[in-house]
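**Student:** Sequence plus the predicted model coming up.
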Amino acid sequence: MKDIVLEGVGLTKHFTVGGPMSGGRRRVRAVESVDIAIGRGETVGLVGESGCGKSTIGRLLLRLIDPTEGRIRLLGQDITDARGSGLRRLRRRMQIVFQDPFASLNPRHRVGDILSAPYRIHGIEPRIGIDAKVAELMGRVGLDPMARSKFPHEFSGGQRQRIGIARALALEPDVIVCDEPVSALDVSVQAQIVNLLRDLRDQTGIALLFISHDLAVVENICDRVAVMYLGRIVEIADRDRLFDAPRHPYTKALLKSVPRPDPGRRRRALFRLEGEVPSPVDPPTGCAFHTRCPVATKLCAAERPPLSIREASNKVACHLN
């Protein structure tokens with residue numbers, strides 16, 4: 001792996017929900033014992049069904065929420081317990097692009113003010129001046145610098161997401177977490193944003209964590225892909241290896257569910273997983289996927305398989321693969 005920029009070791013996050021009116025307080029196991037690392041100039045994809053813990057991992061790595069257990073390292077420095085001014089300085093090196101490009105921008109602020117805010121907040125004066133830097137950022141993401149006086153509602157969805165990306169790039173961070181950055185956009189605009197992120201990664205060597213449920217987009221931009229199910233990573237591998245030869249039954253099910261239009265072949269019914277995703281409040285014993293797995297055995301229900309190397313860099317948490 002390339003030089004590690006951001007790393008989570010044994011990350012666990014439990015939330016407490018409920019109260020007297022809802023039958024008592026309960027613990028939601030959102031993330032359980034996750035190890036993940038992102039190298040310089042690398043894009044790591046994080047995929048899985050809604051509610052599996054993808055966004056929670058992104059927020060844990062950025063210290064937007066504190067882990068219940070585990071450690072977080074940025075460029076080899078343990079930042080798990082950073083607080084106050086120390087954490088504030090670290091914020092400059094870690095940024096996020098949110099899913100909704102409208103809700104993540106203040107509708108009362110002009111774009112120029114939105115993009116200059118990082119410099120004002122951190123007390124940084126760019127060598128070329130803030131105004132010139134804002135113009136440079138807008139040009140870098142394909143926006144007209146003359147539009148800096150406009151408000152977010154005057155831009156299209158794709159343009160608003162470009163503003164969000166420009167804001168994330170303002171302080172020249174080492175890593176950006178992209179939390180479903182294209183899911184709210186039209187397909188044609190998705191391609192533009194993915195190409196923009198790829199170009200920026202290649203030009204700057206920035207590390208990207210790309211959280212998505214769209215496997216076609218993930219295949220297009222990511223170098224490695226981690227598959228999550230019910231708060232745990234069940235498989236992680238290089239992109240080509242994972243898409244060409246998946247090992248975990250859940251990964252196989254996800255890939256089979258992706259529609260692949262081919263005019264030369266008859267249309268086939270989409271593959272569907274049977275059963276419901278178990279509750280993170282009361283997860284199953286053993287392998288969490290055994291309640292929906294078509295090849296599960298008694299061992300799968302009794303003992304949780306470790307995430308271990310099967311071949312090359314492919315790690316799988318499955319007794320049978």
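**Tutor:** In hand now; what should we look at?
**Student:** Low-confidence ranges, this structure, go.
**Tutor:** By pLDDT under 70, the low-scoring segments of the chain are 1-2, 19-24, 260-272.
**Student:** mind listing the helices for it?
**Tutor:** Taking DSSP state H as the test, the helices found in the chain are 54-61, 84-91, 111-122, 130-140, 157-169, 187-204, 215-221, 239-244, 249-256, 298-302.
**Student:** Including distance to residue 100, could these go into JSON lines?
**Tutor:** (Glycine included, C-beta is placed from N, CA and C.) Formatted as JSON lines, the helices of the chain follow (distance: least, CB to CB, whole Å):
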{"stretch": "helix 54-61", "distance to residue 100": "12"}
{"stretch": "helix 84-91", "distance to residue 100": "21"}
{"stretch": "helix 111-122", "distance to residue 100": "15"}
{"stretch": "helix 130-140", "distance to residue 100": "20"}
{"stretch": "helix 157-169", "distance to residue 100": "9"}
{"stretch": "helix 187-204", "distance to residue 100": "13"}
{"stretch": "helix 215-221", "distance to residue 100": "17"}
{"stretch": "helix 239-244", "distance to residue 100": "27"}
{"stretch": "helix 249-256", "distance to residue 100": "24"}
{"stretch": "helix 298-302", "distance to residue 100": "38"}
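**Student:** Can you tell me how far the spatially most central residue of the chain is from residue 218?
**Tutor:** Geometric centre of the chain, nearest residue: residue 211, 2.5 Å, by CA atoms, centre = their mean. Distance of residue 211 to residue 218, given as CB to CB, to the nearest Å: 9 Å.
**Student:** Spell out which residues are contacts of both of these two.
**Tutor:** residue 45 (CB atoms under 8 Å, 6 or more residues apart in numbering).
**Student:** returning to that earlier point: any idea which of the helices of the chain gets closest to residue 291?
**Tutor:** Closest to residue 291 of the helices of the chain, according to CB to CB: helix 298-302, at 8.3 Å.
**Student:** got the CA coordinates for the closest one in CSV?
**Tutor:** Extracted in CSV, the C-alpha atoms of helix 298-302 (Å, rounded to 0.1, in the frame of the first residue of the first chain):
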residue,chain,number,x,y,z
LYS,A,298,-24.2,-24.2,11.4
LEU,A,299,-20.7,-22.9,11.9
CYS,A,300,-21.7,-19.6,10.4
ALA,A,301,-24.5,-19.2,12.9
ALA,A,302,-22.2,-20.2,15.8
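**Student:** I'd like the helices of the chain written out as a markdown table, with distance to residue 151 and mean neighbour count added.
**Tutor:** Formatted as a markdown table, the helices of the chain follow (distance: least, CB to CB, whole Å; neighbours: other CB atoms under 10 Å):
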| stretch | distance to residue 151 | mean neighbour count |
| --- | --- | --- |
| helix 54-61 | 27 | 22 |
| helix 84-91 | 26 | 12 |
| helix 111-122 | 7 | 18 |
| helix 130-140 | 15 | 17 |
| helix 157-169 | 11 | 23 |
| helix 187-204 | 20 | 16 |
| helix 215-221 | 29 | 18 |
| helix 239-244 | 39 | 16 |
| helix 249-256 | 39 | 20 |
| helix 298-302 | 54 | 14 |
